[in-house]
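Chemist: give me the fold of what follows.
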Amino acid sequence: MITSSAPETVGVTIYRDPERQTEAMELDWLRGYALITEQRIIDLPAGKSVLRLEGVAGGMLPESAIILGLPGDVREKNLDADLLSPGNLYAHAFGRPVTLQRQHDKSGTIREEPAIIRSSPDGSVIVQTRDGFEAANCGPLHDTLAYGGVPPGLSAKPTLSVAVDSPRAAHVTLTLSYLAWGFDWLTNYVAHMRPDGHHADLLAWVTLASGDPVSFPDANAAVIGGMLNREDQAPYASPYVGEALTYHCYFQPLGPGNRVTASALILGEGGGDGEIIVTAQRRSGSLMDMPVALTANEEGLGDLKLYRLPVPTTIASNAQKQVAMFVKPNVKLAIYYSATIGPGNNPRASQMLRMRNRKSDGLGIAMPAGRLALFERHRGRPVLAGEGILIDSAKAQDVEVSLGQATQVTVAQKELAHGDDWEEHEVTARNANPWPVDFEGRIIFNDDERLDQSSAKIEKRNDKQVWRVRIPANGTSHLRYTVREIE
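Modeler: Sure, this is the predicted structure:
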């Protein structure tokens, strides 16, 4: 048996969860996946042997593994992902002798006695002692379990076992590539408005998230923009995380003031004891300490886009990290207000941001979906002016983001008159700002109706009838229109 404890180099390319649109990620429910590529240096003997590749992702899909560089054939591949953890350790020790350590609340004295595990890790922890069967840690004493060794079948790290048949002894560099579940990524945009009100400096951050029990230090990281079509999905995001062990007590403890707590598990190996610390806490990474100039490079990948991070970064276990994606200074944009008007509508104005994704306007880059925050300077300090969702936008497309309901621009609509097959309405848009604003009212009506006449020019945009007007500072604008049924 040959063991490779860790790869020499590793690359992690993360694909977004196809079902999560622009919602926030949850580390305990990551449904994206990653393509992981490793390089390892191995000394192979001639003939049949088992190669153990330790430190692969716990959420690995072993059927997707491709191994290049071996001089012979691969006969079998197995993912040994039953990880060493309190729950798994207890489950694999069923029927085996352990040491029960008991601590008295008042004196703190610890005494030990032999015991045998007689239950699964679900429910109460049942052990058999000289006094009979009892639930551990269920009474006036605090109990812990000490094990004499690691039961067979448990591994400290997820391991891919490969049965190979090499025609000769060889010193090889092999490449292992595979898919793994339990990863995801998202984009956040920060726009700082310039004083002219028509340009902004745009910074995009990418957040990398991993729910896998394995960390990938100094990985060559990349993310894929766009939704890749997959017809099969794993039932869980990362099913190979080691389980915890919780002590349950299903009857009233004896005596007042007794507590039921989950205690640590102790592993004894040889002449000494070592404590196994298994934590389920999720660690949030901080912003990567890197110059803003070091941003991701965009590459074409068919209908998708690949963004390669320029420096190695650690994809940590059960953690997330933000790194700069790109910086676009002096992007041309427009701030306007919009509302849906038409018969039966109760219009409410929203503040909108519009950009053209062209190089001439300062962009010209595929923009993955994500949240956008707009900041404006007030008394020398940046102040959040709006926040919204930016959808996937290709080059040359118009980018529109709703920044939330407006407070200083309001819209009212009322019916003026009607007949058998027509209705006349009036829309009033008010601007309480001490500066003029641009307003767009999208007129929506039924398929069996048409816009018959209006008091102002109506434009057609994206198959919608749009009333565009500049409302003066502290002023109002009016539109009268008639909708008639189609005969």
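Chemist: what's the neighbour count on the residue nearest to residue 16 when sequence neighbours are not counted?
Modeler: Closest residue in space to residue 16, ignoring its immediate chain neighbours: residue 32 at 5.2 Å, by CB to CB, 6 or more residues apart in numbering. Placement of C-beta: from N, CA and C, glycine included. Residues near residue 32, counting by other CB atoms under 10 Å, number 25.
Chemist: wait, residue 32 sits on residue 186?
Modeler: No. Taking contacts as CB atoms under 8 Å, residue 32 lies outside contact range of residue 186: 9.5 Å.
Chemist: okay, and the common contacts of those two?
Modeler: residue 16 (CB atoms under 8 Å, 6 or more residues apart in numbering).
Chemist: sorry, back to before: what's opposite the residue nearest to residue 16 in the beta bridge?
Modeler: residue 183 (DSSP bridges).
Chemist: from residue 18, how far out is it?
Modeler: In this view, residue 32 and residue 18 are 8 Å apart by CB to CB, to the nearest Å.
Chemist: residue 210 now?
Modeler: 18 Å.
Chemist: so where's the stretch 201-350 of the chain shaky on pLDDT?
Modeler: Scanning the stretch 201-350 of the chain for pLDDT under 70 picks out the ranges 227-295.
Chemist: let's see that with 90 instead.
Modeler: Along the stretch 201-350 of the chain, the parts satisfying pLDDT under 90 run over 205-206, 212-214, 224-313, 318, 321-327, 342-346.
Chemist: tell me which stretches of the stretch 1-150 of the chain form strands.
Modeler: Remark: strands assigned in the stretch 1-150 of the chain by DSSP state E, counting those that start in this stretch are 2-4, 9-15, 32-44, 47-54, 66-68, 73-80, 97-104, 110-117, 126-129, 132-135, 141-147.
Chemist: who touches the second one?
Modeler: The set of residues that contact strand 9-15 without belonging to it, under CB under 8 Å, 6+ apart, is 32-39, 183-185, 208, 216, 218-224, 228, 306, 315.
Chemist: for the fifth one, same thing?
Modeler: Residues from elsewhere that reach strand 66-68 (CB under 8 Å, 6+ apart): 74, 162, 174-178.
Chemist: what about the residues you listed, which are in strands?
Modeler: Of the positions in the contacts of strand 66-68, 74, 162, 174-178 sit in strands, assigned by DSSP state E.
Chemist: are any of the residues you listed buried, and if so which?
Modeler: 162, 174, 176, 178 (16 or more other CB atoms under 10 Å).
Chemist: OK, contacts around the second one?
Modeler: Translated: residue 174. Per CB under 8 Å, 6+ apart, neighbours of residue 174: 39-40, 42, 67-70.
Chemist: what would the strands of the stretch 1-150 of the chain look like in a markdown table with mean pLDDT?
Modeler: What follows is these, written out as a markdown table (pLDDT from 0 to 100):
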| stretch | mean pLDDT |
| --- | --- |
| strand 2-4 | 86 |
| strand 9-15 | 95 |
| strand 32-44 | 93 |
| strand 47-54 | 87 |
| strand 66-68 | 89 |
| strand 73-80 | 68 |
| strand 97-104 | 81 |
| strand 110-117 | 84 |
| strand 126-129 | 82 |
| strand 132-135 | 80 |
| strand 141-147 | 76 |
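Chemist: let's have those in a markdown table, adding distance to residue 24.
Modeler: Conversion of these to a markdown table gives the following (distance: least, CB to CB, whole Å):
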| stretch | distance to residue 24 |
| --- | --- |
| strand 2-4 | 37 |
| strand 9-15 | 16 |
| strand 32-44 | 13 |
| strand 47-54 | 33 |
| strand 66-68 | 33 |
| strand 73-80 | 30 |
| strand 97-104 | 42 |
| strand 110-117 | 41 |
| strand 126-129 | 41 |
| strand 132-135 | 40 |
| strand 141-147 | 38 |
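Chemist: can you give me the strands for the stretch 301-450 of the chain?
Modeler: Counting by DSSP E, counting those that start in this stretch, the strands of the stretch 301-450 of the chain are 304-308, 313-315, 319-341, 350-356, 370-378, 381-390, 398-405, 409-418, 422-431, 437-443, 449-454.
Chemist: residues in contact with the first one?
Modeler: Taking CB under 8 Å, 6+ apart as the criterion, the residues outside strand 304-308 that touch it are 13, 206, 220-226, 228, 296-300, 325, 366, 368.
Chemist: narrow the residues you listed to those in strands?
Modeler: 13, 206, 220-225, 297-300, 325.
Chemist: which one of those is nearest residue 108?
Modeler: Distances from residue 108 to the ones in strands among the contacts of strand 304-308, taken as CB to CB, are shortest for residue 221 (48.8 Å).
Chemist: what's the burial count for that closest one?
Modeler: 27.
Chemist: tell me which residues form a beta bridge with it?
Modeler: Note on residue 221: beta-bridge partners by DSSP bridges are residue 12.
Chemist: wouldn't it be in contact with residue 313 here?
Modeler: Yes. At 5.1 Å, residue 221 counts as touching residue 313 under the criterion of CB under 8 Å.
Chemist: for residue 364, give its distance to residue 223.
Modeler: Residue 364 is 19 Å from residue 223, by CB to CB.
Chemist: likewise residue 206?
Modeler: 6 Å.
Chemist: can you check which residues contact both of those two?
Modeler: Each of 185, 296, 307 lies in contact with both residue 206 and residue 223 under the rule CB under 8 Å, 6+ apart.
Chemist: returning to that earlier point: which of the strands of the stretch 301-450 of the chain sits closest to residue 124?
Modeler: For residue 124, the closest of these is strand 319-341, at 33.5 Å, according to CB to CB.
Chemist: what pairs with that closest one, and is each one parallel or antiparallel?
Modeler: Looking at strand 319-341 with DSSP bridges, its partner strands are strand 199-210 (antiparallel), strand 283-287 (parallel), strand 350-356 (antiparallel), strand 437-443 (parallel).
Chemist: how about it as PDB, C-alpha atoms only?
Modeler: Below are the C-alpha coordinates for strand 319-341, written out as PDB (Å, rounded to 0.1, in the frame of the first residue of the first chain):
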ATOM      1  CA  ALA A 319     -15.500  28.900   5.700                       C
ATOM      2  CA  GLN A 320     -15.900  31.700   3.200                       C
ATOM      3  CA  LYS A 321     -13.600  34.300   1.900                       C
ATOM      4  CA  GLN A 322     -13.900  37.500  -0.200                       C
ATOM      5  CA  VAL A 323     -11.400  38.400  -2.900                       C
ATOM      6  CA  ALA A 324     -11.400  41.300  -5.400                       C
ATOM      7  CA  MET A 325     -12.900  40.300  -8.700                       C
ATOM      8  CA  PHE A 326     -12.500  43.400 -10.900                       C
ATOM      9  CA  VAL A 327     -12.400  47.200 -10.600                       C
ATOM     10  CA  LYS A 328     -14.000  49.500 -13.200                       C
ATOM     11  CA  PRO A 329     -13.300  53.200 -12.500                       C
ATOM     12  CA  ASN A 330     -15.500  56.000 -13.900                       C
ATOM     13  CA  VAL A 331     -18.300  53.900 -15.200                       C
ATOM     14  CA  LYS A 332     -21.100  55.900 -16.900                       C
ATOM     15  CA  LEU A 333     -24.500  55.300 -15.300                       C
ATOM     16  CA  ALA A 334     -27.900  56.900 -14.800                       C
ATOM     17  CA  ILE A 335     -30.100  57.200 -11.800                       C
ATOM     18  CA  TYR A 336     -33.800  57.400 -12.500                       C
ATOM     19  CA  TYR A 337     -37.200  56.600 -11.000                       C
ATOM     20  CA  SER A 338     -39.600  54.000 -12.300                       C
ATOM     21  CA  ALA A 339     -43.200  52.900 -11.700                       C
ATOM     22  CA  THR A 340     -45.700  50.600 -13.300                       C
ATOM     23  CA  ILE A 341     -48.900  52.500 -14.300                       C
END
